[in-house]
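Enquirer: sequence unknown, structure follows:
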């Protein structure tokens, strides 16, 4: 168990422990001062290792003394089968500082003496790319006589000044004769999790170990306590109830509790009692017939009565006195309300970090059950503090019609909202959604991890809390290693006399106006007030209000290229009004000229001058696969606590964000370009992706075509293709250039007839990649010179497609020597070269190349031409 006691530095008390050095050294055998029982043996000595652990007995531990790397969970003392009887308060690669000391002191009188072993002002050692995280750290092991208890007590951990915050792996726990369950007890946490909320595991680590970083440090006095098994020891592990229940809708309510036999003896007929005091009184006792050592039993008590007084219930689940009374009871505070329901115990703190799915469309859900038909009138979510996190989300109400009573049909979804980086609680009105039996309150992520707050519940109750990855089935969280009691609440009760509207859609957006259409209008509503203004305005004191019976309202006199918020209130009588719902968000279009045809070159587009989400004049987008993701103008992307800039030395860029379930099939097109016969046009642009994940690279795919219309079918000629878009790891410079001389090269455009043409950028990455970027598009025009014109006319390639033999007929090229041929694949890699002659039908053997599309580049002096061919055998 974890808790807090005073951390008292030994100072000069006891005896300093000598070691040959402060880096990878063992002490001599050192007396404990009394007989200590551990792993079925009696010990009177220990050997301290400078790397944050000790071995009971007189034999020093052997290397390896810590994990094989600073971020590795392998090959440490826990994994070494030869090493036994270890106590590991903070085991990783440690070294000394100028004030490091190791000390032991045995205090008290028999038979209740305590031996304290202290590591003072040690420091983790920088290794590879992982910097030192703590300049100094102090901690202790306490061994208790008679009780045979072990405490790990942590003092001050000081972050290393100027360090790069990074994950480090450590081992914390106890090891007996081996790494198996029952022989090893480990303490686990993620690197950002609070030290005060670890998970205790029976056996060696599987997956995460005890992960730390400079920004996550223990509070002085934190203690992890390990009690020796007693003959008779029943522990109350957790109470499964609700922090808020609504009378009469939650009643009769049933409380359950998990109890564990932590003792050495099998027990029979173990009584477990629930006692409720405070606003209501209630008692129920159940008997566990058999409780074997290590076994956990779930006890379900009698149900509460059908009515209860509003107020605070103080719940206690207890077992009879035994050989260890420290864990014989557990409290739980419950508020009986007229409507709010919640699982969160308001008297307990939330975990320091939140939880989320981490993908657009991901959802977390909590299941509630009502005993009679009622209405959901509010939903509530609490978010943990998360630096830089402004993820967008919706709160959702669902029925339980999914397979196995999992979340099913969406009954209501709130307007999209954005969380703040600070810890916050959001309560949103719901348009009196009728529910019977089970229903769910959920949060849907619209961008990335929302860091929903939670309390640790271990073991976590079954079939109550769920998550869903985009496109996947719902999964009960209790089937994972997470123990998250989610902060998703609701308020139930009679149908409101004037509910909010169910939703709204915004359409017909122009530079100066838009139309909002209401849905789910309350039957009691006689009219509505629609309040709109610039994004972030306060509807209580500002904005423009229009009233009417709807359902459609025109929002007028808007500024172009501006983001707006809209709030709606139902009016059900002279004094009966609903609360405001919203904001519903939209951005007005750019004020574009009547014609967007480009006739002056160079044409340049850097996607500046408009707000994020606003396409430049004439630029259009086609979501060919009709999924949730397509090209958009954006300035930044939030990845956890990191904000990624998207513009190429500017603010905005065109962004395609991945879909977890669908491959990309999305286009954006330039405005119409008035191209003239007899002129050669050269496209160049900047493109890239972010490569910021150390564990994997997510390459993107894109092609560029041109044609006579801004449609998929109208794009007939390939200019450029790249099947493996990657950038250097780290993501500092995601962009690279595509032009006539790049690899792959961008083919030139030489129209045979004058007309209007469009260039299309086609994202075609496989599903579940990351971010694809395009910026700084440029099209230049050059009159075709006599020599280059002759080269274009002089060369004919056939057949196309070819089965492997490509004929290149050169007639009348203005060249003094031979011509050079390069064949490139769609990754821009040179796969074949050849020399050919003028005034000759040349044959180039490409039979060794695989089927597919290739670029053929023919050069003479400073002139060249590019053609696309297809090999089809």
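Expert: The structure has been received and is ready for your questions. Computed from a predicted structure; not experimentally measured. Residues are numbered from 1 along each chain as shown.

Enquirer: Which parts of the protein are helices?
Expert: For the chain, helices defined by DSSP state H occupy the ranges 786-794.

Enquirer: which intervals of it have sub-threshold pLDDT?
Expert: 1, 520-525, 610-612, 640-642, 694-695, 729-733, 783-789 (pLDDT under 70).

Enquirer: okay, now the domains of it?
Expert: Split into domains by automatic domain parsing, the chain comes to 2-226, 234-338, 343-493, 503-587, 603-783, 786-871.

Enquirer: Compare these and report which one is nearest to residue 593.
Expert: domain 603-783 (6.8 Å; Cβ to Cβ). Every C-beta, even on glycine, is put in place using the N, C-alpha and C of the backbone.

Enquirer: Measure how far that closest one is from the centre of its chain, please.
Expert: Relative to its parent chain, domain 603-783 has a centroid offset of 26 Å by Cα atoms, centre = their mean, to the nearest Å.

Enquirer: With stretch 137-150 instead?
Expert: With Cα atoms, centre = their mean, you get 38 Å for stretch 137-150.

Enquirer: Which among the domains of the chain is found nearest to residue 597?
Expert: The closest of the domains of the chain to residue 597 is domain 603-783. By Cβ to Cβ, the value is 4.7 Å.

Enquirer: Report how many residues lie close to the residue lying closest to residue 465 once chain neighbours are set aside.
Expert: Nearest residue to residue 465 in three dimensions, chain neighbours excluded: residue 477, at 4.3 Å (Cβ to Cβ, 6 or more residues apart in numbering). Residue 477: 25 surrounding residues under other Cβ atoms under 10 Å.

Enquirer: swap in residue 716?
Expert: 10.

Enquirer: try the one 4 residues further on
Expert: For residue 720, the count of nearby residues is 25 (other Cβ under 10 Å).

Enquirer: same deal with residue 839?
Expert: Residue 839 has 11 neighbouring residues, counting by other Cβ under 10 Å.

Enquirer: Provide a list of residues in contact with the residue lying closest to residue 810 once chain neighbours are set aside.
Expert: Excluding the flanking residues, the one nearest residue 810 by Cβ to Cβ, 6+ apart is residue 838, at 5.1 Å. With contacts defined as Cβ atoms under 8 Å, 6 or more residues apart in numbering, residue 838 is in contact with 794, 810-813, 815, 818-819.

Enquirer: go again using 10 Å as the cut-off
Expert: 794-795, 810-819, 860 (Cβ atoms under 10 Å, 6 or more residues apart in numbering).

Enquirer: Counting neighbours, which of those residues comes out on top?
Expert: Busiest of these [other Cβ under 10 Å] is residue 819, holding 25 neighbours.

Enquirer: quick one: that residue and residue 844 touch, right?
Expert: No. Counting by Cβ atoms under 10 Å, residue 819 does not reach residue 844; the two are 11.3 Å apart.

Enquirer: Can you check which residues contact both of those two?
Expert: Residues touching both residue 819 and residue 844 (Cβ under 10 Å, 6+ apart) are 808, 834-836.

Enquirer: Report the buried members of these.
Expert: Neighbour counting by 16 or more other Cβ atoms under 10 Å classes 808, 834, 836 among the shared contacts of residue 819 and residue 844 as buried.

Enquirer: now stretch 379-388, how far from the centre of its chain.
Expert: For stretch 379-388, the distance to the chain centre is 14 Å (Cα atoms, centre = their mean).

Enquirer: Now it: buried residues?
Expert: Across stretch 379-388, burial judged by 16+ other Cβ under 10 Å covers 379-386.

Enquirer: Can you redo those residues as JSON lines, where the extra columns are distance to residue 169?
Expert: Supplementary listing: these in JSON lines, determined by distance: Cβ to Cβ, whole Å:
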{"residue": "379", "distance to residue 169": "39"}
{"residue": "380", "distance to residue 169": "37"}
{"residue": "381", "distance to residue 169": "33"}
{"residue": "382", "distance to residue 169": "31"}
{"residue": "383", "distance to residue 169": "29"}
{"residue": "384", "distance to residue 169": "24"}
{"residue": "385", "distance to residue 169": "25"}
{"residue": "386", "distance to residue 169": "23"}
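
Enquirer: Out of these, which comes closest to residue 221?
Expert: Distance to residue 221 across the buried residues of stretch 379-388 (Cβ to Cβ) is lowest for residue 385, with 22.5 Å.

Enquirer: give me the beta-bridge partners of the closest residue to residue 43 other than its chain neighbours?
Expert: What sits nearest to residue 43 in space, not counting adjacent residues and going by Cβ to Cβ, 6+ apart, is residue 56, at 4.2 Å. Legend: beta-bridge partners of residue 56 under DSSP bridges are residue 46.

Enquirer: I figured residue 56 hits residue 31, correct?
Expert: No. Counting by Cβ under 10 Å, residue 56 sits too far from residue 31 to count as a contact (11.9 Å).

Enquirer: Show me which of those two is the more surrounded one.
Expert: Taking neighbours as other Cβ under 10 Å, residue 56 and residue 31 compare with residue 56 leading, 21 against 12.

Enquirer: I'd like the distance between that one and residue 50.
Expert: Going from residue 56 to residue 50 by Cβ to Cβ, to the nearest Å gives 17 Å.

Enquirer: what's the answer for residue 859, then?
Expert: Going from residue 859 to residue 50 by Cβ to Cβ gives 66 Å.

Enquirer: Looking at the two, which is more packed in?
Expert: Shown here are residue 859 and residue 50; by other Cβ under 10 Å, residue 50 has more neighbours (24 against 15).

Enquirer: Identify the residue nearest that one in space, chain neighbours excluded?
Expert: Leaving aside its sequence neighbours, residue 50 sits nearest to residue 25 (Cβ to Cβ, 6+ apart; 4.9 Å).

Enquirer: show me what contacts the one you found?
Expert: With Cβ under 10 Å, 6+ apart, residue 25 has these contacts: 18-19, 48-51, 60, 65, 96, 102.

Enquirer: ditto for residue 738
Expert: Contacts of residue 738 by Cβ under 10 Å, 6+ apart are 683-687, 702, 704, 719-720, 722, 725, 744-746, 774, 777, 828.

Enquirer: go with 6 Å
Expert: 685, 687, 720, 746 (Cβ atoms under 6 Å, 6 or more residues apart in numbering).

Enquirer: Tell me how many other residues crowd the nearest residue to the first one once chain neighbours are set aside.
Expert: With Cβ to Cβ, 6+ apart as the criterion, residue 685 has its nearest non-adjacent residue at 4.6 Å, and that residue is residue 777. Summarising burial for residue 777: neighbours were counted as other Cβ under 10 Å, giving 22.

Enquirer: wait, isn't residue 777 in contact with residue 605?
Expert: Yes. At 4.5 Å, residue 777 counts as touching residue 605 under the criterion of Cβ atoms under 6 Å.

Enquirer: Identify the residue nearest the geometric centre of the chain.
Expert: With distances taken as Cα atoms, centre = their mean, residue 358 lies nearest the centre of the chain, 2.9 Å away.
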